[in-house]
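**Q** coords please:
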Amino acid sequence: MSRPKIARKSTSIDMTAMCDVAFLLLSFFILTTKFKPSEAVPVNTPSSVASKIAPDKNVVMVSITKEGKAFLSFGDDADDKARKQDIINDLNSSKSLGLTPAEVSNLVKAPFLGVAFSQLKQQANLQTEQMTGAALPGIPCQDTAHNEMTEWIRAVMSAYAGGSPPNILLKGDNDAKYPTFKNVLTAFKRNDQFHFQMVTNPVNVPMGTALYQQNMAGVKPAEE
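**A** Just a heads-up that it's a prediction; the model follows:
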């Protein structure tokens, strides 16, 4: 007597629940993702193999565009904004700028500062979307006699005195002109500020170089 043959049926998997979960996760990530805003001051930084991460607190950044314009920006947390207000109030008093409390508040909210002292009132009355690197002339630092960055750095060091020192970052465009760099560095030196970090575009270490061999061997390079 032959055995009865059992009919073969293809395996069926209900994917409905998995599809629901996938779409829920996709919707969650779309709704919660914060896209990086376009830079008001676009700077094409030079590349380097440095792996040190830039600080995110007590940040004071000097940006230099390829046209040689210099801009000053600060961190976004409450302490940084409070220090920024102290800096603007200091200069408002020492330079007799005549800024009203409302104008000072507008400058604190501004993404960066990029005009001469005599034009701070005009920047304070601009809308945020009007404050771009192309529209503003930058902080004057063309030469030693006209280097307002020196006063800005003085006010920065005064505002941070007695507490944690500021993390000064210098972000320069790869095509920026050297005189602007030189005059910004002069502003640092005149305020005895010799410690700052250069912001660069990190890239992989080229294969075959001495640094590559060190990394492969697990040797930590000496800090400067």
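
**Q** go ahead and flag the most central residue of this protein.
**A** Geometric centre of the chain, nearest residue: M61, 6.7 Å, by CA atoms, centre = their mean.

**Q** where's it relative to A159, distance?
**A** 15 Å (CB to CB, to the nearest Å). Placement of C-beta: from N, CA and C, glycine included.

**Q** again with T150
**A** Separation of T150 from A159 (CB to CB): 15 Å.

**Q** same question for T186.
**A** 21 Å.

**Q** compare those two (neighbour count), which wins?
**A** A159 (20 against 16; other CB atoms under 10 Å).

**Q** residue ranges in the protein under the pLDDT threshold?
**A** Counting by pLDDT under 70, the chain has low-confidence residues at 1-12, 15, 34-40, 49-52, 202-224.

**Q** which residues in it form helices?
**A** 16-32, 78-94, 101-109, 120-124, 149-159, 178-190, 210-217 (DSSP state H).

**Q** buried residues, the fourth one. List them.
**A** In this case it means helix 120-124. Across helix 120-124, burial judged by 16 or more other CB atoms under 10 Å covers L120, K121, Q123, A124.

**Q** which of those residues sits closest to D175?
**A** Of all those, D175 sits closest to Q123, with 25.4 Å by CB to CB.

**Q** list the contacts for M198?
**A** S48, L169, L170, K171, G172 (CB atoms under 8 Å, 6 or more residues apart in numbering).

**Q** just the buried residues out of those residues, in ChimeraX syntax.
**A** Buried members of these, defined by 16+ other CB under 10 Å, are picked up in ChimeraX with:
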select :169,170,171,172
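
**Q** how about the contacts of M198, which pair is most distant?
**A** Within the contacts of M198, two members stand farthest from each other by CB to CB: S48 and L169, at 13.9 Å.
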